[in-house]
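> fold the following.
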Amino acid sequence: MRVIVQRALNATVTIDGSVAGQIDKGFLLLVGVTHSDTEREAQLLAKKVANLRVMEDAEGKMNLSLAQTEGAILSISQFTLYGDCRKGNRPAFIDAARPEQAEPLYSYFNALLRNEYGLRVETGVFGADMKVSFINDGPVTIILDSATL
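The predicted structure follows:
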């Protein structure tokens, strides 16, 4: 699994002009699943995201987790995180898991963040054409990949 974590002042996802998910301060997550991913990878990345200390403390240092700042998450499924551009200019997505595998793992990942770590998680709609807007705070962007953790 790959997760792009972007610290956000706010984030919104719309589908067909209607807001599907929205947060104030917190994380915008872009979540991709590959063929070899299992619940183990989802557990590993949920724990890492929940405990990631990139929120500012009273002294302005990145020292606090999302829960410590009462932040929220907007989680967006993103198969293009597994785009391969090594051969030409048009990405191949053969490393992205098929929807029947990816959607349950994406849902499980979000459920872990909610139920195991007590975080408020908003989402888009898996597979939908979504419009995501946000203000990156910092900017802070972290790339997490279960293959390298």
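> before we move on, which element is the most centrally placed residue in the chain in?
Nearest to the centroid of the C-alpha atoms of the chain, with distances taken as Cα atoms, centre = their mean, sits Leu29, at 2.2 Å. When secondary structure is defined using DSSP states H and E, the element that contains Leu29 is strand 26-32.
> got the contact list for that strand?
Contacts with strand 26-32, where a contact means Cβ atoms under 8 Å, 6 or more residues apart in numbering, come from 1-8, 11, 49, 66, 71-82, 96, 106, 109, 120, 132, 134, 136. Every residue, glycine included, has its C-beta placed from N, CA and C.
> recalculate using a threshold of 7 Å.
1-8, 11, 49, 66, 71-79, 81-82, 96, 106, 109, 134 (Cβ atoms under 7 Å, 6 or more residues apart in numbering).
> same deal with stretch 69-85?
By Cβ under 7 Å, 6+ apart, the list of residues contacting stretch 69-85 from outside reads 2, 4, 11, 13, 21, 23-32, 34, 55, 91-93, 95-96, 102, 106, 110, 113, 119-124, 126, 130, 132.
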